[in-house]
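1. I'd like to go over a predicted model; first the sequence, then the structure.
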Amino acid sequence: MEGMSVAVGIASVVAIVISIYAGAHIAIALGLISFVGVVLLKGNVDIALNLLSLAMADSIADEAFATVPLYVMMGLVVSRAGLGRDIYEFANDLFRPVRGGLGMATVAANAIFASVTGSSIASSSVFAKVAIPDEDVQLVAEKAGVSEEEAREALEACGGEPAEAIIRLMSR
């Protein structure tokens with residue numbers, strides 16, 4: 001029995017990795033393969049179903065399940081109200097004289113905004129848009145003949161320098 005449980009464990013890990021690389025959602029891959037693993041080890045589908053239902057109930061009952069979406073929503077409200085841009089302009093004015101000031105201002109404003117909203121993910125999504133002016137995005141998109149999304153990504157990769165972003169986009 002000991003050898004079988006080790007073999008099922010190794011096979012489960014390999015199956016999870018393969019299914020995730022094949023494009024399955026992580027939760028589905030973990031749930032389905034752990035269900036099959038329990039069925040193989042215990043030989044009883046009822047036990048596997050009970051364990052699966054308990055695991056789902058426990059994860060939904062966790063308070064983080066409710067707080068993360070609320071923090072993201074609060075970040076959206078604060079962003080729509082313009083607080084993100086105001087914080088960024090303050091940090092930009094503070095760090096403008098320093099070499100690399102755009103990067104420092106973005107990090108400082110991101111840290112302030114993340115401490116207010118409680119979500120670094122929401123904060124990062126706000127400052128990816130706030131740090132690069134829309135005028136620069138439109139200029140790069142027009143000159144390089146690409147979409148605004150590609151222009152924004154190029155500007156982010158080039159540290160906000162429109163000329164470098166245009167050269168990079170036109171050279172590919």
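-> Cool, got the structure. No experiment lies behind these values; they were computed from the predicted model shown.

2. Quick one: find the helix or strand in this structure with the lowest mean pLDDT.
-> None of the helices or strands of the chain scores lower by mean pLDDT, DSSP states H and E than helix 120-130, at a mean of 67.

3. What about Gly3, how many residues nearby?
-> The tally of other residues near Gly3 (other C-beta atoms under 10 Å) stands at 7. For the C-beta atoms, the positions are set from N, CA and C on the backbone; glycine is no exception.

4. Next: the one 4 residues further on.
-> Burial of Ala7 is recorded as 11 neighbouring residues (other C-beta under 10 Å).

5. got it, and the one 5 residues further on?
-> Under the neighbour criterion other C-beta under 10 Å, Ser12 is assigned a count of 18.

6. got it, and Ile167?
-> 14.

7. Roughly how far does it sit from Ala144?
-> 9 Å (C-beta to C-beta, to the nearest Å).

8. just Arg80 next, same as before
-> In this view, Arg80 and Ala144 are 30 Å apart by C-beta to C-beta.

9. Over to Ile20?
-> Taking C-beta to C-beta, one finds Ile20 at 35 Å from Ala144.

10. I am finished for the moment; much appreciated.
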